[in-house]
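In: Take this sequence and fold it.
(one chain, ligands or ions: 1)
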Amino acid sequence: MSTVAVRPIVSSSSSSTTSPAGVDPTGLPSRVTTNLPISALTPEDAALRARITALCHEGWALWDRFEATAAERRFHPFVASDYAVVLEALWPGRCRGLRFLEWGSANGLITVMADLLGFTACGIELDANLSRTAHELARQFNSSARFVTGSFLPTGYRWRPSDGDARTGTLGTGSSGYQELGLALDDFDVVFGYPWDGEEPMMRDLMRSYGRADALLLLHSATTGITGYRGGRVVAGDWWPSTGDR
Ligand SMILES: C[S@@+](CC[C@H](N)C(=O)[O-])C[C@H]1O[C@@H](n2cnc3c(N)ncnc32)[C@H](O)[C@@H]1O
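Out: From the prediction side, this is the model:
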């Protein structure tokens with residue numbers, strides 16, 4: 001059955017079963033590195049990478065604090081993305097002013113990262129405590145990222161897969177967050193999600209149903225990295241064509 005949610009798998013590079021991907025035994029985000037030789041970066045880009053490295057340090061510290069309270073709850077769907085992988089995916093799309101939305105923005109790390117990279121960034125998160133943390137993170141990093149508490153599912157959306165199994169895994173329900181944002185899903189150029197296993201088909205359907213056909217959907221998987229979709233299809237080549245190439 002494809003729609004039963006399975007916890008996103010923690011990367012094999014993680015040092016313990018309780019640490020998220022990208023955390024080394026010292027607790028430092030070892031994978032927040034650049035693939036480019038540092039000399040290839042402009043001074044502005046080097047400064048931006050340094051700022052985002054500091055942000056990721058804070059993100060992993062927030063994650064550790066969240067994990068430390070795990071025993072107090074039965075289950076929570078928040079598992080952090082591999083921030084270094086997300087950074088490499090977003091980096092080539094920086095400084096274009098594209099509108100970015102994170103579905104289930106948790107502690108806000110990725111939305112703030114997108115804002116620092118020059119996207120106009122928003123996040124929608126169901127858990128009010130995580131949303132509060134996200135607002136605080138944005139304040140701490142002097143970021144204009146916007147967060148609302150609510151569901152990223154638009155009012156009226158129904159998941160109706162052809163096999164009839166309409167379970168939505170770990171996804172929760174609540175008032176849709178778009179009204180408070182003052183934006184609809186089809187206002188966004190880039191949408192990011194980190195689905196649990198089995199939730200990808202619903203996210204793709206949601207984007208096909210309510211997103212713009214030329215918008216980019218980025219879905220992160222702990223096992224296969226990030227896949228880009230546009231108009232319902234996997235984008236095989238460059239996710240970030242120059243203006244006018246599409
Ligand atoms: C797997 S975590 C991903 C967190 C973050 N996007 C990241 O990549 O690090 C999924 C997040 O989605 C949130 N969530 C679940 N259902 C939601 C819904 N219907 N609307 C908004 N957020 C939701 C959960 O509370 C959780 O924080």
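
In: Quick one: residues contacting the residue of the chain found nearest the ligand.
Out: At 2.2 Å from the ligand, residue 104 is the closest residue in the chain, using C-beta to the nearest ligand atom. To be clear about C-beta, it is placed using only N, CA and C from the backbone, and glycine gets the same treatment. Residue 104 is in contact with 77-78, 124-126, 152, 171, 193-194, counting by C-beta atoms under 8 Å, 6 or more residues apart in numbering.

In: Out of those, which are close to the ligand?
Out: 77-78, 124-126, 152, 171, 194 (C-beta under 6 Å from any ligand atom).

In: buried ones in the longest helix anywhere in the chain?
Out: Selection of the longest helix in the chain by residue count, based on DSSP state H, yields helix 43-68. Residues 45, 48-49, 52-53, 55-56, 58-60, 62-63, 66-67 are the ones in helix 43-68 that count as buried (16 or more other C-beta atoms under 10 Å).

In: repeat for stretch 137-155
Out: Under 16+ other C-beta under 10 Å, the buried positions of stretch 137-155 are 137-138, 141, 143, 145-154.

In: Pull the most distant pair out of those.
Out: Maximum pairwise distance among these (C-beta to C-beta): 29.1 Å, between 141 and 154.

In: Quick check: which ranges of the protein have low pLDDT?
Out: 1-39, 243-246 (pLDDT under 70).

In: 50 - rerun?
Out: For the chain, applying pLDDT under 50 flags the ranges 1-7, 9-34, 245.

In: Tell me which stretches of it form helices.
Out: For the chain, the helices defined by DSSP H occupy 43-68, 83-90, 109-116, 128-140, 178-181, 200-210.

In: Mind putting these into TSV with distance to the ligand?
Out: Shown next, in TSV, are those (distance: least, C-beta to the nearest ligand atom, whole Å):
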stretch	distance to the ligand
helix 43-68	8
helix 83-90	7
helix 109-116	5
helix 128-140	6
helix 178-181	11
helix 200-210	10
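
In: so which of these comes closest to residue 164?
Out: Minimum separation from residue 164 across the helices of the chain (C-beta to C-beta) falls at helix 200-210, 12.9 Å.

In: Packing partners of the closest one?
Out: Judged by 3 or more C-beta pairs under 8 Å, 6 or more residues apart in numbering; DSSP states H and E, the packing partners of helix 200-210 are strand 216-221.

In: and the angle from the strand it packs on to helix 109-116?
Out: For strand 216-221 against helix 109-116, the angle by axes from the mean of the first three to the mean of the last three C-alpha atoms, to 10 degrees is 140 degrees.

In: Strand 216-221: how far from the chain's middle?
Out: Centre-to-centre, strand 216-221 and its host chain are 8 Å apart (C-alpha atoms, centre = their mean, to the nearest Å).

In: Next: stretch 169-184.
Out: Between the centre of stretch 169-184 and the centre of its chain there are 15 Å (C-alpha atoms, centre = their mean).

In: Fine by me, we can end here.
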